[in-house]
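Participant: sequence first, then the predicted structure, then my questions.
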Amino acid sequence: MSKEKIEELLKKYWEGETSIEEERLIKQHFALGKENFGYNSEAEYFSKINDFREIEIVPIVKLNFLPPRTDRKKEKKSGFFKYISIAALIAITVLVSKFTYDQIRFKNNEAIEMAHSAEKDLMEISNSLNEGYQDHNVSIIENRQ
């Protein structure tokens, strides 16, 4: 294969635009050890790809740590246990939600009570200041007369 053809095919290969036939030609050219026209790293890359073909694929064995089920009564019990577990989970969720809601409601009530108390205290301070201001005005008026 000519240098120009190799350059063109390599450019297309690295841009992901080669057909399967063109990729086969590139791999075949470098696998046969023909002139690599200074493309040493590409030649090494394609030779490594060919090395992967020689790797034997070993199937993964599925390990089963649990013994097979043979007793039908256990299956029925496990189904019943499943329903009891779901019911218990729902009950716990409801109780936790209610407890959380009650705590939030208690905190809100506590905040409302504190706001009312603060409002009451501020009104007392305001009334005391108003009385003091009026007493002060009365004493000023009396002193002028």
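Facilitator: Sure thing, it's come through.
Participant: worst-scoring helix or strand of the chain, pLDDT-wise?
Facilitator: The weakest-scoring helix or strand in the chain, judged by mean pLDDT, DSSP states H and E, is helix 40-53 (a mean of 70).
Participant: can you pull the contacts of the spatially most central residue of the chain?
Facilitator: Nearest to the mean C-alpha position of the chain, by Cα atoms, centre = their mean, lies residue 93 at 23.0 Å. Listed by Cβ atoms under 8 Å, 6 or more residues apart in numbering, residue 93 has no contact partners. Backbone N, C-alpha and C define where each C-beta goes, glycine included.
Participant: in what helix or strand does it lie?
Facilitator: Assigned by DSSP states H and E, residue 93 belongs to helix 72-144.
Participant: mean confidence score for that helix?
Facilitator: Helix 72-144 carries an average pLDDT of 81.
Participant: mind giving me the domain split of this protein?
Facilitator: 3-53, 95-145 (automatic domain parsing).
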